[in-house]
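A.B. asks: using only what follows, build the 3D model:
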Amino acid sequence: MTGRPDAPLPPAWPDRAAWGTAPSLRAWQQAAVDKYRAAQPQDFLAVATPGAGKTTFALTVAADLLSRRVVDRITVVAPTEHLKTQWAEAAARAGIPIDPTYSAGKGRTSDDYVGIAVTYAGVAVNPLAMRIRTERTKTLVILDEIHHAGDALSWGEGVREAFDPATRRLALTGTPFRSDINPIPFVSYAPGEDGIPVSAADYTYGYAHALADHVVRPVLFMAYSGEMQWRTRAGDEVVARLGEPLTKDMHAQALRTALDPRGSWIPAVLEAADKRLSEVRRHVPDAGGLVIAGDQDSARAYAALLKKITGESPTVVLSDEKGSSKKIEKFTASEDRWMVAVRMVSEGVDVPRLAVGVWATTVSTPLFFAQAVGRFVRARSRGETASVFLPSVPHLLEFASDMEAQRDHVLGRRVQDEDDIFAAEEGLLAEANSAEGASDELEMSWEALGSTASFDHVLYEGAQFGHSGEVVSGSEEEMDFLGIPGLLEPDQVRELLHSRQSERARKQKAAGVEDRVVDSVQELSTHQQLGVLRRELNGLVAAWHHRTGQAHGITHNALRKECGGPPAAVANAEQLHERINRIREWAVRQTS
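C.D. replies: Residues are numbered from 1 along each chain as shown. The predicted structure follows:
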């Protein structure tokens, strides 16, 4: 600053009364603001699904505190440099000037600013300087995506040291918290199951509520399988089908083979995604697509494939490239078809016109999945839908089925049943599937030889549609699902999918396909049969959740109580069959 951080407010700043003028708020935002005003807490944690409008809520609170002189300065802490700028632009529209270029070493900023925006990494570099700044004036600290304070021990310690003296702290997140042993600064914990501490939000607005309120879009997950072939370090050639029960290493190798741009899988999926985008653009002319790539070389290769498919050069956004934020802004304001990005388009990045996504990365943790899918759910007008193309990898499909689950930050959580398996595996998956791909050892042990793609099924509201026999990519059967209109209400999407599923089953039965499918399942090995049965059971449990609202874990436990036997992860085929038949009986009884 040209003066001290605690200098009197200069007359050049806007009239504080203007800061209290809030934009029209959604119902959940108004409810959260009312709860905050009633409590007037030092710390407040708001958990709201991506696309719901956390920024507007936070800036409304900030404007109110500024207008009443509860605070004199604002500090926004964001995960990335791009989000610093995005926060500054949003704050400017609310009449709150924030400096996104501030750094702890800079020490000063213009008198024109009411606050600053910094990154978690920037705070960790010099938390003492940030603490001094915080101490000198009454400060509201907005901690955007607060779970990042748990990404590294130094980040959490830095945030706690820097902002402990703050007058108010407002923590935001739209991403499920993870399980670990380090508490996140300024987050309250309460005893959960078996006394294990669980984070306690002051206000929660989940995906299910947002979908019912038409605040977010429904998501169609288009799952693609296919045959993968690769060579191991020992020289052995392996052939496996994507989505079949495999070891963790084989899953990683099969997925990397599918994503190899020299094969046939990713070109076929990109072409299918572009067809889907064309259908959506018939109703939403500016709809855009995003390919989430795992590394820069792949991103450039995918961009070249898209240019061949569409005749247009897509926008390519690389994580360490200068001008990445401007590229995103330019794409956001344009009507260009495709963007390919590596780690730049994550939580908080706002490109509302994104309607079609392609998952083309080996990163496969629940945290990253929620962040990525959150880029497609922001609703602009009623009837818009989102479509995300996924490889048929079991844990990705589980994440897609479980989109509406509410997860808190858990300290020292133990694995107990189906609902805990993926949370416990997150650390292992993150290690096996790092942001740059697999480990060096896996890199040396794998060479892609070829791949083919086939449409597997559509996953919508936890239920599968079209999962009865292989559908060749580019076929009319595939187009039955790719050609779903881009402007439909959620119940219309559901009815259309059920209609097309029934029609497809009728055609297959008439052609005698049904008997051949049953025969092929019986010919599978034991572990493959168990995998198929578990997926079917999980799909039915997810559909039951959407029908009744009952949590997945409660349904699994109810089935075990009625049918007997161990958890589904270790149940035998007979036990799984019995549970599948039982939950189908429940569905029939409920509808009759």
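A.B. asks: identify the residues contacting L45.
C.D. replies: I146, A171, L172, T173, F186, V187, S188, S199, A200, A201, D202, Y203 (Cβ atoms under 8 Å, 6 or more residues apart in numbering). Glycine gets a C-beta too; all of them are placed from N, C-alpha and C.
A.B. asks: next up, the contacts around the fifth one.
C.D. replies: In this case it means F186. F186 sits next to D43, L45, L143, I146, V159, R160, F163, R169, A171 when contact means Cβ under 8 Å, 6+ apart.
A.B. asks: if you set the cut-off to 6 Å instead, what comes out?
C.D. replies: For F186, the contacting residues are D43, R169, A171, by Cβ atoms under 6 Å, 6 or more residues apart in numbering.
A.B. asks: can you check the second one too?
C.D. replies: Neighbouring residues of A171 by Cβ under 6 Å, 6+ apart: L45, L143, I146, F186.
A.B. asks: give me the neighbour count for the third one.
C.D. replies: I146 is flanked by 28 other residues according to other Cβ atoms under 10 Å.
A.B. asks: now do it, the pLDDT please.
C.D. replies: Note on I146: pLDDT of 90.
A.B. asks: just say helix, strand or coil for F399.
C.D. replies: The three-state label given to F399 by DSSP: H, G, I helix; E, B strand; the rest coil is helix.
A.B. asks: where does the stretch 351-500 of the chain dip in pLDDT?
C.D. replies: Per-residue confidence for the stretch 351-500 of the chain (pLDDT under 70) gives these ranges: 404-445, 467-470, 472.
A.B. asks: sorry, back to before: can you put the contacts of F186 in TSV and add pLDDT and secondary structure?
C.D. replies: Below are the contacts of F186 laid out as TSV (pLDDT from 0 to 100; DSSP: H, G, I helix; E, B strand; the rest coil):
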residue	pLDDT	secondary structure
D43	97	strand
R169	98	strand
A171	96	strand
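A.B. asks: I98: how many residues sit nearby?
C.D. replies: As a burial measure, I98 scores 27 neighbours (other Cβ under 10 Å).
A.B. asks: now do the one 5 residues further on
C.D. replies: Neighbour count for S103, taken as other Cβ under 10 Å: 15.
A.B. asks: that older thread, which two of the contacts of A171 have the greatest separation?
C.D. replies: Greatest spatial distance in the contacts of A171: L45 and L143, 9.0 Å, computed using Cβ to Cβ.
A.B. asks: burial check on L259, number of neighbours?
C.D. replies: 25.
A.B. asks: quick check: it touching V358?
C.D. replies: No: look at L259 against V358 with Cβ atoms under 6 Å: they stay out of range, at 10.1 Å.
A.B. asks: about what we covered before: could I get the contacts of L45 as CSV with secondary structure and distance to A287?
C.D. replies: Converted to CSV, those look like this (DSSP: H, G, I helix; E, B strand; the rest coil; distance: Cβ to Cβ, whole Å):
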residue, secondary structure, distance to A287
I146, helix, 32
A171, strand, 33
L172, strand, 28
T173, strand, 28
F186, coil, 39
V187, coil, 37
S188, coil, 41
S199, strand, 36
A200, coil, 39
A201, coil, 33
D202, coil, 36
Y203, strand, 32
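A.B. asks: the lengthiest strand in the chain: what's the following helix or strand?
C.D. replies: Using DSSP state E to assign secondary structure, the strand with the most residues in the chain is strand 219-232. The helix or strand immediately downstream of strand 219-232 is strand 237-242, counting by DSSP states H and E.
A.B. asks: then that next one to CSV, C-alphas only?
C.D. replies: C-alpha atoms of strand 237-242 as CSV (Å, rounded to 0.1, in the frame of the first residue of the first chain):
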residue,chain,number,x,y,z
GLU,A,237,1.6,-59.4,-24.5
VAL,A,238,-1.6,-58.9,-22.5
VAL,A,239,-5.1,-58.5,-23.8
ALA,A,240,-7.9,-57.4,-21.4
ARG,A,241,-11.2,-55.8,-21.7
LEU,A,242,-11.6,-52.3,-20.0
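A.B. asks: average pLDDT for it?
C.D. replies: For strand 237-242, mean pLDDT is 84.
A.B. asks: so it versus strand 219-232, what angle?
C.D. replies: Strand 237-242 runs at 170 degrees relative to strand 219-232, counting by axes from the mean of the first three to the mean of the last three Cα atoms, to 10 degrees.
A.B. asks: let me see the ranges of the helices in the stretch 1-150 of the chain.
C.D. replies: 16-19, 27-39, 54-67, 81-93, 120-125, 127-136 (DSSP state H, counting those that start in this stretch).
A.B. asks: quick one, which of these is nearest to F399?
C.D. replies: Evaluated over these, closeness to F399 peaks at helix 54-67, with 21.3 Å, by Cβ to Cβ.
A.B. asks: average model confidence for the closest one?
C.D. replies: Mean per-residue pLDDT for helix 54-67: 96.
A.B. asks: run the angle between it and helix 81-93 for me.
C.D. replies: Inter-element angle recorded for helix 54-67 and helix 81-93: 50 degrees (by the same axes, to 10 degrees).
A.B. asks: show me what counts as buried in helix 54-67.
C.D. replies: With burial defined by 16 or more other Cβ atoms under 10 Å, the residues of helix 54-67 counted as buried are 54-66.
A.B. asks: what of stretch 302-314?
C.D. replies: By neighbour count with 16+ other Cβ under 10 Å, stretch 302-314 contains the buried residues Y302, A303, L305, L306, I309, T310, P314.
A.B. asks: determine which two of the residues you listed are furthest apart.
C.D. replies: Greatest spatial distance among the buried residues of stretch 302-314 (Cβ to Cβ): Y302 and T310, at 12.0 Å.
A.B. asks: now the residue nearest the centre of the chain, what's its secondary structure?
C.D. replies: What sits nearest the mean C-alpha location of the chain, by Cα atoms, centre = their mean, is A370, with 1.9 Å. Classification of A370 by three-state DSSP places it in helix.
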